[in-house]
Structure formats: C-alpha cells, structure tokens
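Trainee: I would like to see how this sequence folds:
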Amino acid sequence: DIETERYTTVRPILIYAKYEGKEIVDRDHYFIGLSNEPITIGDRPINLTLSSKLASKMPTIMRVETAHEFLNGKVLTLEEFRKAFQELRKRISEFVNMEWDTRLYDVISCYAVYTYFYDIAGFVPILCFIGPKGSGKTRAMLTVTNASRRGFAITGPTEASIFRTVDAIKPTLGIDEKAKREVERLIRASYKRGLRVPRVEKTRGDRFLITLFEVFCPVIYSTAEGVEDEYVRDRAIIVNMKKSEDPKGRDPEPSDFEDLREDFYLARLTLAHEFLKNLERVKRMKNDVLSFLKARDFEVWSGILAVALMIGPEVFKNVLSYAEDYIKAKSVINYPEEGVVLKALCEIFREASSLNEEVNEIEFTPKQLASSIRAILSPDYEAYDPRLAEQVLAKEWNPKRVGAYLSRLGIKCLGRKRDGYHYKITLEELKD
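Mentor: Presented below is the predicted three-dimensional model:
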C-alpha cells in the first residue's frame with residue numbers, strides 16, 4: 001500500500017461573459033488546472049500561464065455565490081449600479097473625513113469602482129494619500145482598498161513576495177508608508193498594461209533566472225512624505241489629507257464593504273459595455289469639455305470620469321471640477337521656467353511702479369528674483385504637495401539656476417557687484 005495524505009488547496013475559477021454589442025451571448029466558467037493547458041471561449045483558444053497561485057482565502061475576492069448567481073443569469077441593472085455607488089460613497093464618508101472638499105468623496109468612490117473596470121481601459125492612476133500623523137491617510141488607504149476589486153493591504157512585505165502576489169491575483173494594492181520603499185519599482189510599473197519589471201531569481205544548482213513580471217494593477221498608498229518621484233507624481237492622483245474629526249473611531253475591515261464589492265463584481269461582468277460606451281464618450285470630449293487634460297493627464301483621469309458618467313451628471317460635475325482644479329495646481333509645478341521668470345519680473349515692475357509714478361527699467365539680482373518667484377509659486381506648490389513645497393522650491397529656484405534662466409532669455413547682465421551679479425531689463429524689453 002502507498003501512504004497518501006489529504007490536503008486542502010485553492011483552485012482558481014475563470015468566470016467570463018461574452019458580448020455581442022450590448023448583449024451577453026454567453027456566460028460560463030472554467031476550472032483552471034495545475035498545468036498550462038489552453039481554454040477555448042467561443043471559437044477563440046486562450047493560452048494560460050500558471051506561474052503563481054493563491055493558496056489561501058482572500059476576503060475581498062468575488063464570492064462563489066456571486067459567481068453562481070451570474071452563471072444562472074443574474075445581471076446588475078444601471079439603476080442598481082448607481083444605488084450601489086451612492087451607498088459606497090456614504091460608507092466611505094463614515095470612515096474618512098474629507099469635509100474640507102466634499103468632491104473628494106465622489107473622486108475616490110469613482111476610483112474604487114474603476115478598479116473593477118481598469119483592465120478594459122489599459123491604464124490606472126496611482127492613488128496617493130499624504131499628510132501628517134493623525135490626518136487619516138492610512139485609514140483612507142485601507143478604506144478605498146477594502147472597497148476595491150481584490151483589495152489587498154500590505155504593511156511589511158518582502159520585494160519577492162509582493163511581486164509574486166501581484167503576479168498571482170492582480171490585486172488592488174494598498175501600501176502603507178512603511179512598505180513603500182520595498183515596492184517602489186512595482187509602483188512605477190503598475191500604471192499601464194505592458195510595462196514589465198525584471199527580477200533575478202535563484203533556481204536549483206546556484207543558477208539564476210531573469211523573470212519579467214507584468215505588475216499592471218491599481219496601487220493606493222499612504223505616506224507622511226511628499227511624492228518625490230516625478231515619474232510617479234505624473235501618473236498619480238495625490239490627495240492631501242488634513243487633520244480632522246474621526247468619523248468612525250476604527251479602521252475599516254473587508255467585511256464592511258462585502259455586499260458592495262459583490263455588486264461591483266457583477267457590474268464588471270454585466271455592465272462592461274456601459275463602461276466602454278462612457279469611456280468613448282469621455283474620449284469624444286477631449287477637445288471640448290476636457291481640453292484642459294493633456295496627454296498623460298487625460299489617461300490618468302479618463303477612466304474615473306467614465307465611471308462618473310455612468311453614475312450621473314452631478315457626480316460627473318464634481319469629479320470634472322476637481323480634476324480641473326487639480327490639474328491647475330499641478331501645472332504650476334510643470335510651468336515653463338522662462339514663463340515663471342517673466343511673471344516674477346512683471347511683479348517686480350508692478351511693485352516698483354506702486355512706489356514711483358513711472359518705472360521704465362529695473363535692476364535686480366538673481367537672489368531677489370528667486371525670492372519673488374518662490375513667493376508667487378508657494379501657494380500652488382502647497383496645494384499640490386505641501387510636504388515638499390519648501391524643499392522643491394528651494395532646490396528648483398535657487399539664485400544660480402535663476403541666473404541661468406536669465407542668460408537663456410538674453411537679459412542683460414551688468415556684471416558682478418558686492419551683493420552678486422546684477423541684471424537690468426526695460427519695460428519695453430519685457431513686453432517684447
């Protein structure tokens with residue numbers, strides 16, 4: 001006799017809906033085996049690669065009861081979807097206080113819903129909550145993560161384990177500031193489908209294997225520091241948290257959003273055509289209502305705006321106005337340097353004119369101009385990322401760099417004096 005041992009494991013199930021136009025013409029499921037055998041949906045063969053597998057229960061994954069309901073013909077109507085969104089918004093507000101700008105409740109609720117559809121669009125922005133201790137940034141991260149598709153909050157992972165987790169389940173990753181440094185490469189590559197991160201892994205016999213991981217998935221993280229990485233900043237929605245009254249008195253649990261997650265899992269299967277239709281509507285607005293969204297900013301916001309359109313005009317209006325204000329604040333940081341210098345020179349002329357009846361030329365030092373520039377930009381830098389405002393301004397607008405911009409603009413240098421180099425510009429030259 002051969003001794004055997006019984007054990008329990010998890011076997012993944014693939015649930016799919018096949019559409020023709022707006023109609024679902026087929027809904028079925030496959031049990032994914034341990035080998036990489038192909039499956040067929042309709043007449044299309046699909047090759048599966050099983051490299052990592054979830055071997056324990058995950059509380060935010062779709063329940064098997066919901067899968068059975070879908071396979072038996074259940075759909076989520078658009079009206080039910082909108083009711084689920086309003087309930088989600090209400091529950092988020094019970095855990096996270098954002099009364100200083102209530103539009104944020106719609107923005108982050110739309111983000112959570114978008115995590116169920118992001119793979120259709122092919123890109124997903126990074127959501128970052130920043131703020132001092134006691135501002136509720138970690139609770140905000142946990143709240144949105146628990147409401148999202150396959151939400152998975154991590155606090156102390158190793159780099160290897162988190163790459164394997166993303167490879168296995170493509171979760172919505174909630175990352176606490178303590179864990180952020182371990183997964184910075186992953187955060188940078190999570191934004192868009194097709195970006196891959198190489199990892200070297202040791203195999204048998206002291207041999208090494210280079211593995212390319214696609215880590216395309218929603219990432220939400222909280223930090224007390226500013227977002228220093230310009231690459232991440234450009235692909236993120238950054239929410240500046242403020243110290244405020246704690247509405248609930250405890251952190252959220254996955255169970256707090258279970259019923260809503262099941263509604264949105266069903267929506268992903270039965271309302272995919274609605275999301276796609278509204279994403280196309282957003283694209284048609286690109287040269288009109290959304291003309292303020294350029295290039296990557298359009299990618300960052302388009303999926304969230306598509307969800308807002310699905311909900312209704314009031315939510316769309318709130319998300320749209322917030323996006324416009326956000327881009328305005330962000331664009332100041334990316335404002336062409338020469339334009340900032342000229343704006344500061346105009347301010348110096350204006351101040352000089354207020355002291356004298358007529359000023360036709362001014363003499364100044366780069367240090368004086370740098371101080372004027374920092375005063376102009378400081379409010380907008382603080383609105384975008386207050387934790388970094390002073391540091392970034394001091395670095396980017398120091399006297400030496402300002403002098404370089406003046407030379408590039410061809411502004412006349414009078415030479416070095418006791419307090420440094422002096423420059424002169426006339427009002428007519430500035431107008432030109």
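
Trainee: mean confidence score for stretch 320-339?
Mentor: For stretch 320-339, mean pLDDT is 76.

Trainee: Likewise for stretch 392-399?
Mentor: For stretch 392-399, mean pLDDT rounds to 80.

Trainee: Any idea how far it is from the middle of the chain?
Mentor: Mean C-alpha position of stretch 392-399 versus that of the full chain (Cα atoms, centre = their mean, to the nearest Å) differs by 27 Å.

Trainee: May I see the buried residues of that stretch?
Mentor: By 16 or more other Cβ atoms under 10 Å, the buried positions in stretch 392-399 come out as 392, 393, 396, 397, 399. Yep, even glycine has a C-beta here, placed from its N, CA and C like the rest.

Trainee: tell me the contacts of residue 170?
Mentor: 150, 216, 217 (Cβ atoms under 8 Å, 6 or more residues apart in numbering).

Trainee: among those residues, which one has the lowest pLDDT?
Mentor: Among the contacts of residue 170, residue 216 has the lowest pLDDT, at 88.

Trainee: doesn't residue 190 make contact with it?
Mentor: Yes: Residue 216 is within contact range of residue 190, at 6.3 Å (criterion: Cβ atoms under 8 Å).

Trainee: Find the residues that touch each one of the two.
Mentor: Contact criterion Cβ under 8 Å, 6+ apart; residues shared by residue 216 and residue 190: residue 124.

Trainee: Of these two, which one has the most company?
Mentor: residue 190 (24 against 20; other Cβ atoms under 10 Å).

Trainee: where's the more buried one relative to residue 127, distance?
Mentor: 11 Å (Cβ to Cβ, to the nearest Å).

Trainee: for residue 57, same thing?
Mentor: Applying Cβ to Cβ, the value for residue 57 to residue 127 is 26 Å.

Trainee: Same drill for those two, tell me which one is more crowded.
Mentor: residue 127 (28 against 7).

Trainee: Could you say whether that one sits in a helix, a strand or coil?
Mentor: Residue 127 falls in the strand class when you classify it by DSSP: H, G, I helix; E, B strand; the rest coil.

Trainee: Repeat that for residue 368.
Mentor: With three-state DSSP as the basis, residue 368 sits in helix.

Trainee: Which residues are in contact with it?
Mentor: Residues near residue 368 by Cβ under 8 Å, 6+ apart: residue 348.

Trainee: can you check the one 4 residues further on too?
Mentor: Taking Cβ under 8 Å, 6+ apart as the criterion, residue 372 is in contact with 344, 347, 348.
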